[in-house]
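*Asks:* Sequence and predicted structure are below.
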Amino acid sequence: MANVKDTGRIAAKWARVTPQRSEDYMLGVQQPRTPWAQAAKAAEDRYKSGVTEAANRGAFGKGVTAAGDQKWQQKSLAKGPSRFAEGVALSGPDYQAGVQPYIDTIAATVLPPRGPKGDPRNLQRVAAIATALRKRKTG
């Protein structure tokens, strides 16, 4: 039988030591062994295979069932609120760049005339926007 430490000691050490590794994390991001985009693109076939295999064995649903509502709520409330505002603030320019093409598409869409309130023809206006946005997204 292998001699191993109990998981309580392992987890306690991990929680105590890992937060001190912020600089190592930063350096790893700044100077990766392989550029992230290159490695991610090279892994595309493995990603597809892994996701397909996981889907075929129902891993997603099993994970959701195992975690349950209480776990995600507890963890989200413990970590999320303090990170949310900072993350949103830092992401403003990315949000603008990501939403801009869709705003431009909406602005350029020619809408059919508006009918009276409740007129079924008004749904054609919605359909025109939905069609234009779908075309924009899928090319």
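*Replies:* Cool, the structure landed.

*Asks:* Tally up the residues packed near residue 137, please.
*Replies:* 10 (other CB atoms under 10 Å). C-betas here are computed from N, CA, C, even on glycine.

*Asks:* What's the separation between it and residue 115?
*Replies:* Separation of residue 137 from residue 115 (CB to CB, to the nearest Å) stands at 28 Å.

*Asks:* secondary structure class for residue 80?
*Replies:* helix (DSSP: H, G, I helix; E, B strand; the rest coil).

*Asks:* any idea how far residue 54 is from residue 41?
*Replies:* As for residue 41, its distance to residue 54 is 21 Å (criterion: CB to CB).

*Asks:* Compare these two and say which is more crowded by neighbours.
*Replies:* Shown here are residue 41 and residue 54; by other CB under 10 Å, residue 54 has more neighbours (13 against 10).

*Asks:* out of everything not next to it in sequence, what's closest to the more buried one?
*Replies:* With sequence-adjacent residues excluded and distances taken as CB to CB, 6 or more residues apart in numbering, residue 54 is closest to residue 60, at 6.7 Å.

*Asks:* Test my guess that that neighbour contacts residue 51.
*Replies:* No: Residue 60 is not in contact with residue 51 according to CB atoms under 8 Å; the separation is 9.3 Å.
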